[in-house]
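Asks: Predicted model and sequence follow; I will ask about them next.
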Amino acid sequence: MKLDRLIGILSVLLQREQVTAFELAEKFEVSHRTILRDMDALCCAGIPIVTEKGRNGGIRIMEGYKLDKTVLLQSEMQAILAGLQSLDSISGTHRYRQLMEKLSVSTAKTIPAEHPVLIDLSAWDSGAISQKIEQIQAAMEQNHKISFSYSAPSGTTSRKIEPYHLIFQWGHWYVWGYCHLRQDDRLFKLTRITDLQIVPEQRAARSVPAYTPDPMPPEKPAVPVLVRFSAAVKWRVMDDFGTEVLQTEPDGSLLVSVSWKNLQALYWRLLAYGEQAEILAPSEVRADFVETLRKILQKYEEPSGGF
């Protein structure tokens with residue numbers, strides 16, 4: 001992409017006293033003519049590019065400008081590179097690593113060993129998510145629409161949207177765009193999308209509204225719940241609930257006091273612990289969970305039909 005290349009060229013010029021157009025062309029795998037057009041673009045952007053012909057000639061940034069070339073502190077640049085590397089953790093094409101290499105920062109030096117922040121956004125299903133991200137990115141670059149099946153609590157529907165942005169928030173990836181079914185802007189969670197296709201139809205010439213991240217959707221009032229876990233699953237409890245809400249009992253068991261808005265979500269999480277977890281209070285929540293367990297047991301007491 002041209003923007004990536006311009007950023008990379010600018011970084012090279014900030015780090016080196018002088019470079020030739022042929023060196024840049026080889027580094028960025030483009031023609032000599034393309035590099036010259038890039039120089040014009042940088043000049044138009046207000047970067048004072050100086051070109052000198054001859055045996056010892058080359059391209060450089062005007063000397064007076066170079067005295068103030070450190071727009072970003074080293075720590076700020078490392079933070080940006082850490083962010084780029086985190087995006088690479090969910091991208092199957094290593095496009096951000098390639099961008100970092102074009103920024104004249106080797107992969108080994110991208111995030112130094114002493115750097116305090118290393119970010120990995122990958123997940124167990126990162127392969128499936130990264131494929132969807134690549135498809136949606138391709139559609140947006142081509143100004144095309146996308147179609148998919150979307151599963152929500154109300155059921156599964158077929159959607160066609162004009163994608164605006166890919167968004168990572170609340171710990172998940174979403175695509176935000178104009179939905180033809182709802183005739184309005186909608187946010188779609190990528191894990192709930194199946195049968196994703198790029199539709200070779202040009203997006204409408206509508207202005208893209210500014211996206212303002214919203215807080216998590218309001219739910220029911222939080223209910224304080226007290227849960228006891230066995231000592232054998234302490235590591236999992238720390239992962240799921242944190243250490244601030246833990247209280248270790250003399251027998252090694254753990255008491256966890258949390259306030260939960262969606263009790264069904266809490267039940268689903270506790271079911272993963274099996275007999276290692278027990279709701280102690282309040283009594284109405286304990287009774288409701290027992291009823292959920294009875295319904296599950298009833299399913300297994302009925303004939304399955306077999307195979």
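Replies: Thanks, I have the structure now.
Asks: where exactly do the strands run in the protein?
Replies: Counting by DSSP state E, residue ranges of the strands within the chain are 49-52, 58-61, 144-152, 155-169, 172-179, 184-189, 193-202, 223-229, 246-248, 254-260, 277-281.
Asks: Using PDB, write out every CA atom in the fourth one.
Replies: Going back to what we said before, that points to strand 155-169. Output in PDB follows, covering the C-alpha atoms of strand 155-169 (Å, rounded to 0.1, in the frame of the first residue of the first chain):
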ATOM      1  CA  GLY A 155     -31.800 -16.300  15.700                       C
ATOM      2  CA  THR A 156     -29.700 -16.500  12.500                       C
ATOM      3  CA  THR A 157     -30.200 -14.100   9.700                       C
ATOM      4  CA  SER A 158     -28.600 -13.400   6.300                       C
ATOM      5  CA  ARG A 159     -26.900 -10.000   6.200                       C
ATOM      6  CA  LYS A 160     -25.300  -7.700   3.500                       C
ATOM      7  CA  ILE A 161     -23.400  -4.800   4.800                       C
ATOM      8  CA  GLU A 162     -21.200  -2.000   3.600                       C
ATOM      9  CA  PRO A 163     -18.200  -2.300   6.000                       C
ATOM     10  CA  TYR A 164     -16.800   0.900   7.600                       C
ATOM     11  CA  HIS A 165     -14.300  -0.300  10.100                       C
ATOM     12  CA  LEU A 166     -12.800  -3.400  11.800                       C
ATOM     13  CA  ILE A 167     -12.900  -2.700  15.600                       C
ATOM     14  CA  PHE A 168     -11.300  -4.500  18.500                       C
ATOM     15  CA  GLN A 169     -13.100  -3.700  21.700                       C
END
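Asks: Buried residues in it, which are they?
Replies: Buried residues in strand 155-169, counted by 16 or more other CB atoms under 10 Å: 159-164, 166-167. All C-beta atoms are positioned from the backbone trio N, CA, C, and that covers glycine.
Asks: now these in CSV, with distance to Ser31 and pLDDT?
Replies: Compiled in CSV, the buried residues of strand 155-169 are given as follows (distance: CB to CB, whole Å; pLDDT from 0 to 100):
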residue, distance to Ser31, pLDDT
Arg159, 42, 97
Lys160, 39, 97
Ile161, 37, 96
Glu162, 34, 95
Pro163, 32, 94
Tyr164, 33, 92
Leu166, 31, 86
Ile167, 36, 84
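Asks: got those as CSV, with distance to Lys295 columns?
Replies: Rendered in CSV, the data for the buried residues of strand 155-169 read as follows (distance: CB to CB, whole Å):
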residue, distance to Lys295
Arg159, 32
Lys160, 38
Ile161, 37
Glu162, 42
Pro163, 40
Tyr164, 42
Leu166, 39
Ile167, 36
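Asks: Tell me where this protein is predicted with low confidence.
Replies: For the chain, the stretches flagged by pLDDT under 70 are 1-4, 15, 45-46, 54-55, 63-127, 170-171, 213-220, 305-307.
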